[in-house]
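Undergrad: Coordinates for the following, if possible.
(one chain, ligands or ions: 2)
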Amino acid sequence: MVETRRPRIGVMGGTFDPIHHGHLVAASEVATSFDLDEVVFVPTGQPWQKTVVTESEHRYLMTVIATAANPRFTVSRVDIDRDGPTYTIDTLRDLAAARPDSDLFFITGADAIAQILNWKNVEELWSLAHFVAVSRPGHALTVSGLPSRRVSLLEVPALAISSTDCRSRVSRGFPVWYLVPDGVVQYITKHHLYRSST
Ligand SMILES: Nc1ncnc2c1ncn2[C@@H]1O[C@H](COP(=O)(O)OP(=O)(O)OP(=O)(O)O)[C@@H](O)[C@H]1O
Ligand SMILES: O=C(O)c1ccc[n+]([C@@H]2O[C@H](COP(=O)([O-])O)[C@@H](O)[C@H]2O)c1
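TA: Ligands and ions are numbered 1, 2, ... in the order given. Predicted coordinates:
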């Protein structure tokens, strides 16, 4: 009997306010190292641990623009179309229901994985996806206290870029060229985003 390979789907969750090259390099590196067929970028709807967040349609469209050139990258609306606070447990349940024959790999940076024990229904999360935590400048990459068979660590090229810094730079009149994709720079300018935020 011929065994068919189950599709391997990466899930890159983030607020993406705005999406930057740190996100894209993380997704690309995990896709190669874990032999993923696709990486689904999932912009958050209402991230419950962040305060001021740009309108979800802007964040969604910037994510579409940033990922458009890569045939393995797609963008999902599951989190922005769901009412209420965004929890990864709902993201993974929705994606698993839509792709029941796939294995899911949830991608996080070192800062996010360090907080995961505070996420909603964390014990159930381990059964829905394998978690891949990537290195990020300024954050120690550690999985102590997490189930070793469900979490992997991956060193990726260090990009000291954050969405907070991109927003701050725009608000102070500094360029974000080469920190975010060119189309995202143009989208930010066209829609006057981040002019007065930090
Ligand atoms: N430069 C980076 N290198 C590696 N991982 C990153 C990097 N930037 C963000 N990530 C990871 O990408 C995911 C989504 O990040 P998010 O959209 O919150 O961006 P951010 O730059 O951390 O935003 P903010 O500065 O607004 O908190 C998280 O898991 C985060 O750890
Ligand atoms: O499920 C939770 O409780 C939870 C708490 C904080 C963050 N997350 C998820 O972690 C990902 C990165 O979040 P953020 O806030 O760093 O952009 C994103 O997919 C969030 O939905 C999830």
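Undergrad: Give me every residue in the chain lying close to ligand 1.
TA: 14-17, 22-23, 26, 108-109, 111-112, 134, 136, 159, 161-164 (C-beta under 6 Å from any ligand atom). In this view, the C-beta of every residue, glycine as well, is placed from N, C-alpha and C.
Undergrad: burial measure for R59, as a count.
TA: 23 (other C-beta atoms under 10 Å).
Undergrad: does it sit in a helix, a strand or a coil?
TA: Classification of R59 by DSSP: H, G, I helix; E, B strand; the rest coil places it in helix.
Undergrad: Can you give me the distance of it to ligand 2?
TA: Here R59 is placed at a distance of 10 Å from ligand 2 (C-beta to the nearest ligand atom, to the nearest Å).
Undergrad: pLDDT score for that residue?
TA: Per-residue confidence (pLDDT) for R59: 98.
Undergrad: and V11, what does it touch?
TA: V39, V40, V42, T91, L92, L95, L104, F105, F106, I107, A129 (C-beta atoms under 8 Å, 6 or more residues apart in numbering).
Undergrad: Can you tell me which of the residues you listed is nearest ligand 1?
TA: Ligand 1 lies nearest to I107 out of the contacts of V11, by C-beta to the nearest ligand atom, at 6.9 Å.
Undergrad: From what I see, H20 and V180 are in contact.
TA: Yes - here H20 lies in contact with V180, judged by C-beta atoms under 8 Å, at a distance of 4.7 Å.
Undergrad: Which one of these two is surrounded by more residues?
TA: The neighbour comparison of H20 against V180 (other C-beta under 10 Å) goes to V180, with 26 against 23.
Undergrad: related to what we said a few turns ago, list residues touching both of H20 and V180?
TA: With C-beta under 8 Å, 6+ apart as the test, H20 and V180 both reach C166.
Undergrad: Would you mark the buried spots in stretch 145-152?
TA: For stretch 145-152, burial by neighbour count (16 or more other C-beta atoms under 10 Å) applies to L146, V151, S152.
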